[in-house]
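*Asks:* here is my input; please provide its structure:
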Amino acid sequence: MKHKLLTIGLITLSFLVLSATSEKAFASSTTPKSMRGYYIGDHHLLWLTKHTLHEGAPQADVYSYHIRSVSKKGHNYRFHTSFTMGNTIYPTLKLKKVGYHKLRLVGMATVHKVTKAHYYRYANGGY
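*Replies:* Down below sits the predicted model:
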């Protein structure tokens with residue numbers, strides 16, 4: 001009887017602790033491993049690491065975003081990020097997985113995964 005009451009008490013306590021934590025704790029704050037890497041295509045660059053997202057154009061500016069959380073619905077990913085330049089803004093970047101090694105930046109280009117050397121050659125030369 002004592003073990004049963006102790007078990008019920010522990011379950012209740014753990015439920016209360018879990019319900020008190022914020023929902024942000026349940027969202028992933030890192031990029032999925034299958035998406036990490038270097039992407040190029042249609043005059044766009046994309047570089048995904050564990051905690052950062054770099055987006056830009058060849059021979060132009062590349063913006064770096066800190067990933068705060070990542071949410072997924074089907075093949076669509078929402079990267080909730082922060083970007084500091086003077087003051088901090090919090091944009092949400094949407095990516096859609098359209099193929100094995102292809103991503104589509106919603107509202108922009110479709111990019112495909114390449115090696116680091118190919119990425120830097122494209123970024124510096126633009127071809």
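*Asks:* distance of Lys99 relative to Val111?
*Replies:* Lys isn't right for residue 99; it's Gly. Taking C-beta to C-beta, to the nearest Å as the criterion, Gly99 is separated from Val111 by 10 Å. Just so you know, the C-beta spots here come from the backbone N, C-alpha and C atoms, and that holds for glycine as well.
*Asks:* these two: who's more crowded?
*Replies:* Comparing Gly99 with Val111 by other C-beta atoms under 10 Å, the one with more neighbours is Val111, at 22 against 11.
*Asks:* ramachandran coordinates for that one?
*Replies:* Its backbone dihedrals place Val111 at phi -120, psi 150, with angles given as degrees, to the nearest 10.
*Asks:* same thing with Tyr119?
*Replies:* Phi and psi for Tyr119, reported as degrees, to the nearest 10, are phi -60, psi -50.
*Asks:* for it, which non-adjacent residue is closest in space?
*Replies:* In space, not counting the residues next to it along the chain, Tyr119 is nearest to Tyr38; the distance is 3.6 Å by C-beta to C-beta, 6 or more residues apart in numbering.
*Asks:* Val70 too?
*Replies:* Spatial nearest neighbour of Val70, excluding adjacent residues (C-beta to C-beta, 6+ apart): Ser28 at 4.8 Å.
*Asks:* kindly report the same for Leu53.
*Replies:* Tyr65 (4.6 Å).
*Asks:* tell me where the protein has strands.
*Replies:* Listed in chain order, the strands of the chain (DSSP state E) span residues 37-41, 44-48, 52-56, 62-73, 76-85, 87-89, 92-99, 102-105, 110-114.
*Asks:* Tyr122: which of these is closest?
*Replies:* Go through these one by one with C-beta to C-beta and the one that ends up closest to Tyr122 is strand 37-41, at 4.7 Å.
*Asks:* sheet partners, orientation included, of that closest one?
*Replies:* For strand 37-41, the paired strands and their directions (DSSP bridges) are strand 44-48 (antiparallel), strand 110-114 (antiparallel).
*Asks:* on that earlier part again, just list the residues touching the residue nearest to Leu53, thanks.
*Replies:* Thr52, Leu53, His54, Glu55, Phe79, Thr81, Ser82, Phe83, Pro91, Leu93 (C-beta atoms under 8 Å, 6 or more residues apart in numbering).
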